[in-house]
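# the sequence isn't on hand, but the structure is:
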C-alpha cells in the first residue's frame, strides 16, 4: 500500500460512493468518507475539472459524462469469445461433451468457438459454420430472446428448410417452441441440423440485457438420454449465466 499514491486511493474511494448514491452534497461526502474538509474540497475540484464529477445548480455532485464514455468503451470492447472460452472449457470438462458458442450474424447464427467432446465418437462442427436461427438449440436460443417485434419480422421473411428429420419448419409450431424456450430459459433440439444428435443451449446476455449469443452442449442422441438431460440443462444454464455476468449482465431470472 505504501507504494500507491494516497490521493489516488482516496479519490477512488470518493468516486465509489456514487455506485450507491446518485447525488451527494459536499457535507454528505465528508461524512461518508471521514476525510478532512480541505482534502475533500481539493479532490472534488480536481475530479470536476477532469470530468469525473459534475456539480448541478443545487451544488450536488454526480458522476460525470466521462464515466459514461469509458463505460461504453469497455462494453463495446468486450469480446464474447475471449470471455466465454475459459467457461466453455469448464463445461466441457464437467460433461465431456462438445461445447459450442454461437452469435447472431445478420439473419443467421454463426459458430465462433467450439470445444470437442473427449469421447471418440463426436460431432464435427467447424468454427465459421452458419445456421438458420430457427434450427438447432443454440441458434434458436438467440431467436427466442429477440425482442418480440424483431422476432416476428424474422418469422415473416424466413424461408424454412428442413436440414434433418427434426427441423421445425411450421411457423406456428416454432412460435410455440420459442415461447416455451423463453419461459424455460433454455432450448433443446433433437435431429434438427443433423440426424441422431441432441443439443441443449442457454442464452448469453450483455450489460444491456440484450441476447448476444448462445452456449450449447451437443452430441449423439445415445449420450443425451432422458436421465442425463436435467443435469446437462442445469450445467449449461449455470455456465451461460457466468459468461453473461462477465459481459456485465446483472439479471438472473432466465437462469433459475
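Received the coordinates, thanks. Predicted model, so just to flag it, every value in this text is computed and none were measured.
# hmm, who's touching the stretch of helix or strand residue 48 belongs to?
Per DSSP states H and E, residue 48 falls inside helix 37-49. Here helix 37-49 makes contact (C-beta atoms under 8 Å, 6 or more residues apart in numbering) with 7, 10-11, 14-15, 26, 29-30, 33, 35, 53-55, 61, 64. Where you see a C-beta, it was placed from the backbone N, CA and C, and this is true even at glycine.
# any idea which helix or strand comes after it?
Criterion used, DSSP H and E; the element after helix 37-49 is strand 53-55.
# show me the strands in the stretch 101-250 of the chain, by range?
Remark: strands assigned in the stretch 101-250 of the chain by DSSP state E, counting those that start in this stretch are 108-115, 130-132, 187-190, 197-205, 211-220.
# residue farthest from the centroid of the protein?
Computed with C-alpha atoms, centre = their mean, the residue of the chain farthest from its C-alpha average is residue 38, at 43.7 Å.
# now do the end-to-end distance for stretch 237-255.
Distance across stretch 237-255, first residue to last, is 6 Å (C-alpha to C-alpha, to the nearest Å).
# so where is the stretch 1-150 of the chain shaky, pLDDT-wise?
Applying pLDDT under 70 to the stretch 1-150 of the chain flags the ranges 1-5, 68-69, 71-78, 120-124.
# what comes up buried for stretch 140-155?
140, 141, 142, 143, 144, 145, 146, 151, 155 (16 or more other C-beta atoms under 10 Å).
# with distance to residue 20 added, can I get these in CSV?
Listed next are the buried residues of stretch 140-155 as CSV, based on distance: C-beta to C-beta, whole Å:
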residue, distance to residue 20
140, 40
141, 35
142, 35
143, 38
144, 35
145, 30
146, 34
151, 37
155, 43
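# what about stretch 246-256, average pLDDT?
For stretch 246-256, mean pLDDT is 81.
# now do the buried residues in it.
Applying a neighbour-count criterion of 16+ other C-beta under 10 Å, one finds 246, 247, 249, 254, 255 buried in stretch 246-256.
# that one: end-to-end distance?
For stretch 246-256, the first-to-last residue distance is 18 Å (C-alpha to C-alpha).
# now stretch 216-226
End-to-end distance for stretch 216-226: 17 Å, by C-alpha to C-alpha.
# so how far is that stretch off the chain centroid?
Mean-position distance between stretch 216-226 and its chain equals 24 Å (C-alpha atoms, centre = their mean, to the nearest Å).
# now that stretch: buried residues?
Buried residues in stretch 216-226 (16+ other C-beta under 10 Å): 216, 217, 218, 219, 220, 223, 224.
# please apply the same query to stretch 235-249.
235-237, 239-247, 249.
# pull the residues that contact it.
For stretch 235-249, the external contacting residues (C-beta under 8 Å, 6+ apart) are 75, 78, 80, 83-84, 87-88, 90-91, 94-95, 185-186, 200-207, 209, 212-217, 252, 254-255.
# apply 7 Å and report the result again.
75, 78, 80, 83-84, 87, 90-91, 94-95, 185-186, 200-207, 209, 215-217, 252, 255 (C-beta atoms under 7 Å, 6 or more residues apart in numbering).
# repeat that for stretch 128-143.
Contacts with stretch 128-143, where a contact means C-beta under 7 Å, 6+ apart, come from 100, 102, 104, 107-111, 151, 154, 158, 160, 163, 167-168, 174, 178, 181, 187-189, 192-193, 199-203, 211, 213-214, 216.
# buried by neighbour count, from these: which ones?
With neighbours counted by 16+ other C-beta under 10 Å, those contain buried members at 100, 102, 104, 109-111, 151, 158, 163, 167-168, 174, 178, 181, 187-189, 192-193, 199-203, 211, 213-214, 216.
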